[in-house]
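Novice: Structure here, sequence nowhere to be found:
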């Protein structure tokens, strides 16, 4: 069943979305070479479809899983939803503010102190200075880095950076939260804390996208999920259903490789 | 937990029509980010050097001294030459540094805006902001030179912000235009320093403009936008005269035109940036 328009409770709506990277068949070493070949009409392209006719309608408050092997199109799908990539064809409709939890350390500057980085990262996520000021105590408390707040981030351990990043991204309840393979960082205690915070966010109405190739995580957390393969949705259903199909496809691929 | 106060916004890829206008709104929304980016660039640039921000002032001073020693005998300007040269020099380095920085930021910054939505012009604007700050700091060594060489300071300096605004507008426009180019052809980043070097020499910065009047009737002055901006700024700071109406007019026209072209090209192509 595909809808033509988003409905009242829809948070994210994708209609026939494709993303095609246009790759030149040969490589050009310079502008000169490109210009000459372009003028002569000798530039040949082939389209590589990272996403192919994706139709999705996700409701507010869902925890939606996206699973698939490397190169299946998971990241591209997230980029389209978070407005980083404009779809080649099709319609992307998103209601509300999308907050991506950036990969470890992205958006931080190693020479700046933890305190300065909170402001940098907060404004990157679209918050105003005053909004960040209001939240700074909460961010520090959650990330447990109070003692290091005036040291440059390059002196932090990777666990501390991860904690700080997660604290900033989840200090505000976003309409849509994107978690791309991020829950694998940090120690057990911190993962527990993250998981609780996520539950809180979901309770207060956020829609969550969880991207992973961990079938168990999808089955535990997600209300619905899709399995991506070569840019196509090959199966969709509840988190448990899709994770079973994914595990089976992995096992098949594994036995074929033998 | 309290929600962020921003009202619920709807993004619909089919309804993105006037990108150039949308971008202006987005830049305004992210104004605090640009302040943070300027801060980051300045802090990160100087944090590990002992003299820190002092370098902003020492650099033009050192270059000026070298150029004075090398060239002052060629051009018959004697003691006022250092003051003449440093006005042109800091103005030029503001322009060329901003252009080169914009290109590098656009090339390097891509790892960040591949993951998160941001108005991409914000990066180029913040580079310009950092450039202006540096320019203002380098006014200190310039004032020093004026004092030492006994060049009087005129009331026309009060109009200097207008001259700077014109140059900044032009620089932003060109920076955006070239940044668009560099996304598709990274070679531009390699080529730009050479072009800027040549541009530096055809612009009267280390020599008086009159020297060029003999060459094809000063044609290279007339078609060189930087000639007008440097002339305006030098009139205000060094000569102590108000630039002619024609110079203002040309300056305004080039600045606005460049910004409109740069902004339009950049924003209309920015949908494709993610694909490169």
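Specialist: That came in fine, so what should we check first? Note that this is a predicted model, so its numbers are computed, not measured. Residues are numbered from 1 along each chain as shown, chains lettered A, B, ... in the order given.

Novice: Just the pLDDT for the residue lying closest to residue A:140 once chain neighbours are set aside.
Specialist: Leaving aside its sequence neighbours, residue A:140 sits nearest to residue A:146 (C-beta to C-beta, 6 or more residues apart in numbering or on different chains; 5.0 Å). The C-beta positions use only the backbone N, C-alpha and C, and glycine is treated the same way. Confidence at residue A:146, expressed as pLDDT, is 85.

Novice: If you count neighbours, what's buried in stretch B:173-185?
Specialist: By 16 or more other C-beta atoms under 10 Å in any protein chain shown, the buried positions in stretch B:173-185 come out as B:173, B:174, B:175, B:176, B:177, B:178, B:179, B:180, B:181, B:182, B:183, B:185.

Novice: cool, stretch A:212-223 as well?
Specialist: Along stretch A:212-223, these residues count as buried under the neighbour rule (16+ other C-beta under 10 Å): A:212, A:213, A:214, A:215, A:217, A:218, A:219, A:221, A:222.

Novice: pretty sure the fifth one is touching residue A:210, no?
Specialist: Which is residue A:217. Yes - judged on C-beta atoms under 8 Å, residue A:217 makes contact with residue A:210 at a distance of 7.0 Å.

Novice: list the residues that contact both of those two?
Specialist: Here residue A:217 and residue A:210 share the contacting residues residue A:65, scored by C-beta atoms under 8 Å, 6 or more residues apart in numbering or on different chains.

Novice: other SSEs contacting the top helix by length along chain B?
Specialist: Longest helix of chain B, by residue count under DSSP state H: helix B:81-108. Applying 3 or more C-beta pairs under 8 Å, 6 or more residues apart in numbering or on different chains; DSSP states H and E, we find helix B:81-108 packed against helix B:54-71, helix B:121-137, helix B:139-148, helix B:160-184, helix B:187-202, helix B:225-234.

Novice: model confidence over the second one, on average?
Specialist: When pLDDT is averaged over helix B:121-137, the result is 91.

Novice: Could you tell me how far that helix lies from the centre of the chain?
Specialist: Remark: helix B:121-137 is offset 8 Å from the chain centroid, using C-alpha atoms, centre = their mean, to the nearest Å.

Novice: what's in contact with that helix?
Specialist: Residues from elsewhere that reach helix B:121-137, judged by C-beta under 8 Å, 6+ apart: B:23, B:26-27, B:30, B:33-35, B:37-38, B:41-42, B:53, B:56-57, B:90-91, B:94, B:97-98, B:101-102, B:105-106, B:109, B:113, B:164, B:168, B:171-172, B:175-176, B:179, B:263, B:266-267, B:270.

Novice: just the last one next, same as before
Specialist: The set of residues external to helix B:225-234 that reach it, using C-beta under 8 Å, 6+ apart, is B:84, B:87-88, B:91-92, B:95, B:160, B:163-164, B:166-167, B:170, B:199, B:203-205, B:209, B:221, B:243, B:247-248, B:250-251, B:254-255, B:258.

Novice: among those, which ones are buried?
Specialist: B:84, B:87-88, B:91-92, B:95, B:163-164, B:166-167, B:170, B:199, B:203-205, B:221, B:243, B:247-248, B:250-251, B:254-255, B:258.

Novice: Low-confidence ranges, the stretch 51-200 of chain B, go.
Specialist: For the stretch 51-200 of chain B, the stretches with pLDDT under 70 are B:72-80, B:109-113.

Novice: switch to 80 and redo it
Specialist: B:51-57, B:59-60, B:64, B:67-81, B:108-115 (pLDDT under 80).

Novice: Now it against chain A: closest residue?
Specialist: residue B:117 (3.9 Å; C-beta to the nearest C-beta).

Novice: Doesn't that residue belong to a strand?
Specialist: No - assignment of residue B:117 by DSSP: H, G, I helix; E, B strand; the rest coil gives coil, placing it outside any strand.

Novice: I'd assumed residue A:51 was in contact with residue A:77.
Specialist: Yes - counting by C-beta under 8 Å, residue A:77 touches residue A:51, with 6.1 Å between them.

Novice: Hmm, residue B:61 and residue B:93 touching each other?
Specialist: No - if you go by C-beta under 8 Å, residue B:93 and residue B:61 don't touch, sitting 11.8 Å apart.

Novice: Which residues does stretch B:182-201 contact?
Specialist: For stretch B:182-201, contacts defined as C-beta under 8 Å, 6+ apart pick out A:30-31, A:34, B:92, B:96, B:99-100, B:103-104, B:106-107, B:110, B:178, B:181, B:224, B:226, B:269, B:272-273, B:276.

Novice: Quick one, which of those residues are buried?
Specialist: Using 16+ other C-beta under 10 Å, the buried ones in those are A:31, A:34, B:92, B:96, B:99-100, B:103, B:106, B:178, B:181, B:224, B:226, B:269, B:273.

Novice: nearest to residue A:192, of those residues?
Specialist: Comparing these against residue A:192 with C-beta to C-beta places residue B:273 closest, at 39.1 Å.

Novice: which intervals of the stretch 151-258 of chain A have sub-threshold pLDDT?
Specialist: Residues of the stretch 151-258 of chain A that meet the cut-off, pLDDT under 80, sit at A:180-191, A:194-195, A:198, A:202, A:213, A:253-258.

Novice: which residue does it bring closest to chain B?
Specialist: Closest point on the stretch 151-258 of chain A to chain B, by C-beta to the nearest C-beta, is residue A:172, at 4.5 Å.
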